[in-house]
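[1] Here is the input, now give the coordinates:
(2 chains)
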Amino acid sequence: MPVALPESLRLTKAQVRHYIAWRCARELQDGVVNLGIGIPILVADYFDPSRRIALHSENGILGVGPSPSPDAADPDLINASKLPVTELPYTSYFDSALSFAMMRGGHLDATVVGGLQVAENGDLASWAVPGEDVLGVGGVMDLVVGARRVIVAMTHLSEDGEPKLVSRCTYPLTAPGCVDTVVTEFAVFKFREGRMWLTELIEEMDLDLLRRITPASFSVAPDLQRRGRAGVLPLLKCYRQQG
Amino acid sequence: MAVTSRWTKVQFVTAEEAARVVRRGQRVMVSGFGASGIPEAVLAALADWPEATDLTVFSNNITAGTGLERLFELGRIRKVIGTYFTSNPKVVRAWREGRIEIELMCQGTFAEALRLGGAGIPAFYTPTGAGTPLAEGKETRVFDGRPCVLERSLTADVALVRAHRADEAGNVVYRKAARQFGPLMATAAKVTIVEVDEVVPVGVLDPEAIVTPFVFVDMIVVRGDRYAGGST
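    Model prediction:
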């Protein structure tokens, strides 16, 4: 049964997405990163400018620049979400086989992908829902199998309030045992030594409530961090746009 | 009128001439990712060529508003092999109504299957897709402790590729991220037709920067049919 969350924990949908993206950006070290469709695409808005992070796009771009002004959009220069992007001084272009060689051959330092379910054994389900048509997979299976680090950016609960961190995935898998880190609007989990660890929890939520909305069994890391989420909200771009 | 290059067997043809290469029931590769890199001029000519029907098409998507969608709406495509069809509701509806067959592949497997098809390697193992519904019915074997799926490479009768420029020998370069599957498909079909924005004299393209050498190219079509000849 879905658990009702207290009013104090609720954010708007945009705030949730931007908070998760902001928190994912804090996970990234120097290197080449591929951002998946959905919340992950927002992560680029929150990169630490002191980091040397280059973006890879599956359609054959290494060194993806920010979105152009609408009148400067080039139809031959789009990202995996088919949105217009720009060129940087160090950009290169290549065909899809070389692009996926980067992904599948372990040359990407990290990827941030969305998720429908993550299981306590690190299985990821992110591309299909049982009982619905399965007509698209794209490049996500290649990404999560090949990238050196897989960060899943997803809401803690589904829109119906169902838990997404589960003991076993009931949705079709994207790949077994591929997840390294999960970032939700409440917590950060890491998979180490075959176990799922809670490494960060927002100050606004207590551990008992987190366990009630998290059927996946996890251990609490000895160095568990507490993060005040309220202090981050003013940094989010959705917040600023709303004034 | 078709003109043959002075230096190679590559022919410079109109979109209509190129379309007539395609026959009923053939396997046709079409480059494109979203709305970028799509050979629109040749696809438009194919729509007017009734023999191009009952086709099996290899393409990443069937994107709304493209010439490939038009061919699909004309009922010319029996089956499509690619990676992402969820974004076009017309295709989803046709699939539900049994009007089109869809074979879904992981995008990296799709790209690699094209590359190896063009390189004469008939099959390969990959960890991508192992343990998922896309591996069902496929042989799986463990390499270095990792389950891998046996995938078949892809070849076709015709490849329709969108590029940027060709020289008068048929060497081809692409533009930005519109390259994607084009150079791979060019290697993997019996007949490769490349649609370009312009043709330049030999020597203009940097030999270090040629992406598709002329050996993979059979015909060049210039958008708007501005190009008059290659060997004059």
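[2] In chain B, where is pLDDT below threshold?
    Applying pLDDT under 70 to chain B picks out residues B:225-232.
[3] For residue A:230, give its distance to chain B.
    Distance of residue A:230 to chain B, given as CB to the nearest CB, to the nearest Å: 37 Å. In this view, the C-beta of every residue, glycine as well, is placed from N, C-alpha and C.
[4] How about the secondary structure of that residue?
    Under the three-state scheme (DSSP: H, G, I helix; E, B strand; the rest coil), residue A:230 adopts coil.
[5] Would you mind confirming that it makes contact with residue A:239?
    No: counting by CB atoms under 8 Å, residue A:230 does not reach residue A:239; the two are 11.4 Å apart.
[6] Which one's more surrounded, these two?
    Neighbour tally, residue A:230 and residue A:239, criterion other CB atoms under 10 Å in any protein chain shown: the higher count belongs to residue A:239, 17 against 12.
[7] any idea of the mean pLDDT for the strand or helix carrying the more buried one?
    Assigned by DSSP states H and E, residue A:239 belongs to helix A:237-241. Helix A:237-241 shows a mean pLDDT of 74.
[8] Could you identify the helix or strand that succeeds the longest helix anywhere in chain B?
    For chain B, the helix that runs over the most residues, judged by DSSP state H, is helix B:107-118. As assigned by DSSP H and E, the chain's next helix or strand after helix B:107-118 is strand B:123-126.
[9] Quick one: low-confidence residue ranges for chain A.
    For chain A, the stretches flagged by pLDDT under 70 are A:1, A:240-243.
[10] If you count contacts, what does the longest helix of chain B end up packed against?
    Helix B:107-118 sits against helix A:96-104, helix A:140-146, strand B:123-126, strand B:146-152, helix B:182-188, with contacts defined as 3 or more CB pairs under 8 Å, 6 or more residues apart in numbering or on different chains; DSSP states H and E.
[11] What helices and strands are in contact with the third one?
    For strand B:123-126, the packing partners by 3+ CB pairs under 8 Å, 6+ apart come out as helix B:107-118, strand B:146-152.
[12] which neighbours does the shortest one have in its sheet, and in what orientation?
    Read it as strand B:146-152. Sheet pairing for strand B:146-152, assigned by DSSP bridges, gives strand B:123-126 (antiparallel), strand B:140-143 (antiparallel).
[13] any idea of the angle it forms with helix B:107-118?
    Angle of strand B:146-152 versus helix B:107-118, following axes from the mean of the first three to the mean of the last three CA atoms, to 10 degrees, is 50 degrees.
[14] returning to that earlier point: mind saving the C-alpha coords of the longest helix of chain B as CSV?
    Extracted as CSV, the C-alpha positions of helix B:107-118 are listed here (Å, rounded to 0.1, in the frame of the first residue of the first chain):
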residue,chain,number,x,y,z
GLN,B,107,20.9,0.7,-30.4
GLY,B,108,24.6,-0.3,-29.8
THR,B,109,23.8,-3.8,-31.1
PHE,B,110,22.0,-2.3,-34.1
ALA,B,111,25.1,-0.1,-34.9
GLU,B,112,27.6,-3.0,-34.4
ALA,B,113,25.4,-5.4,-36.4
LEU,B,114,25.6,-2.9,-39.3
ARG,B,115,29.3,-2.4,-38.9
LEU,B,116,30.0,-6.2,-38.9
GLY,B,117,27.5,-6.9,-41.6
GLY,B,118,29.5,-4.5,-43.8
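[15] Could you check the angle it makes with helix A:96-104?
    Calculated by the same axes, to 10 degrees, helix B:107-118 forms an angle of 130 degrees with helix A:96-104.
[16] Could you pull out the buried residues of helix B:107-118?
    Neighbour counts over helix B:107-118 (16 or more other CB atoms under 10 Å in any protein chain shown) mark B:107, B:108, B:109, B:110, B:111, B:112, B:113, B:114, B:115, B:116, B:117, B:118 as buried.
[17] And stretch B:100-108, by the same measure?
    So for stretch B:100-108, counting by 16+ other CB under 10 Å, buried means B:100, B:102, B:104, B:105, B:106, B:107, B:108.
[18] Considering those residues, which is situated nearest to residue A:152?
    Comparing the buried residues of stretch B:100-108 against residue A:152 with CB to CB places residue B:106 closest, at 18.1 Å.
[19] What is the neighbour count of the residue nearest to residue B:37 when sequence neighbours are not counted?
    Residue nearest to residue B:37 in three dimensions, not counting chain neighbours: residue B:178, with 3.7 Å by CB to CB, 6 or more residues apart in numbering or on different chains. Residues near residue B:178, counting by other CB under 10 Å, number 26.
[20] got a list of what residue B:178 touches?
    Taking CB atoms under 8 Å, 6 or more residues apart in numbering or on different chains as the contact definition, residue B:178 lies against A:75, A:76, B:33, B:36, B:37, B:162, B:164.
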